[in-house]
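1. the sequence and its predicted three-dimensional model are supplied below.
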Amino acid sequence: MATPYRERTITDPQMNTGDEPYFEAAAQGRLVLKQCGDCGEYHHYPRSFCPFCQSENVSWRDAKGTGTVYSYSIMRRGTPVPFCIAYVTLAEGVTMVTNIVDCDLDSVRVGQPVKVTFKKSEGGISMPMFTPI
């Protein structure tokens, strides 16, 4: 049974102090991550310190924008339009919660390669999501 992707209303994200560069990059079609200048680890969600070594020497870096589906679920009930929520492990090693879009949702599989794309929220904010490669 096919479940084709359909556009849906995406609610605006709650902004935290310091999130601005993340969403500014997304508006330019770029996915960025924080990287620690001391231990070299990338991390997501963005925060002001490294969760690995607690260093405050962190900065924004462009991500490759590719990864693989770690886990997913297709939401069909309680929503006007079915959608796929997923954990995607990026090439940089971090895993983020996102949506898989622009494909038959029933074709999504664990381990599937994906690339970043951006969808606008109801307020016009670019949100990083992923589509199969």
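-> Thanks, I have the structure now.
2. show me what counts as buried in stretch 82-102.
-> 82-84, 86-90, 92, 94, 96, 98-101 (16 or more other CB atoms under 10 Å). For every residue, glycine as well, the C-beta is placed using N, CA and C.
3. mind checking which of these are in helices?
-> If you go by DSSP state H, the buried residues of stretch 82-102 have nothing in helices.
4. may I have the longest strand along the chain as PDB, with CA atoms only?
-> Across the chain, the strand with the greatest residue count (assigned by DSSP state E) is strand 66-75. Only the C-alpha atoms of strand 66-75 are listed here, as PDB (Å, rounded to 0.1, in the frame of the first residue of the first chain):
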ATOM      1  CA  THR A  66      23.600  13.600   4.100                       C
ATOM      2  CA  GLY A  67      22.900  10.700   6.400                       C
ATOM      3  CA  THR A  68      21.000   7.500   6.900                       C
ATOM      4  CA  VAL A  69      17.700   6.700   8.500                       C
ATOM      5  CA  TYR A  70      18.300   5.200  12.000                       C
ATOM      6  CA  SER A  71      14.600   4.700  12.900                       C
ATOM      7  CA  TYR A  72      11.300   6.000  11.700                       C
ATOM      8  CA  SER A  73       7.500   5.900  12.200                       C
ATOM      9  CA  ILE A  74       4.700   6.800   9.800                       C
ATOM     10  CA  MET A  75       2.100   8.800  11.600                       C
END
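5. neighbouring strands for that strand, and are they parallel or not?
-> Take DSSP bridges as the rule and strand 66-75 pairs in its sheet with strand 83-90 (antiparallel), strand 113-120 (antiparallel).
6. can you list those in a markdown table and add mean pLDDT?
-> Converted to a markdown table, the strands paired with strand 66-75 look like this (pLDDT from 0 to 100):
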| stretch | mean pLDDT |
| --- | --- |
| strand 83-90 | 98 |
| strand 113-120 | 98 |
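7. out of the ones you listed, flag the one nearest C50.
-> strand 83-90 (16.8 Å; CB to CB).
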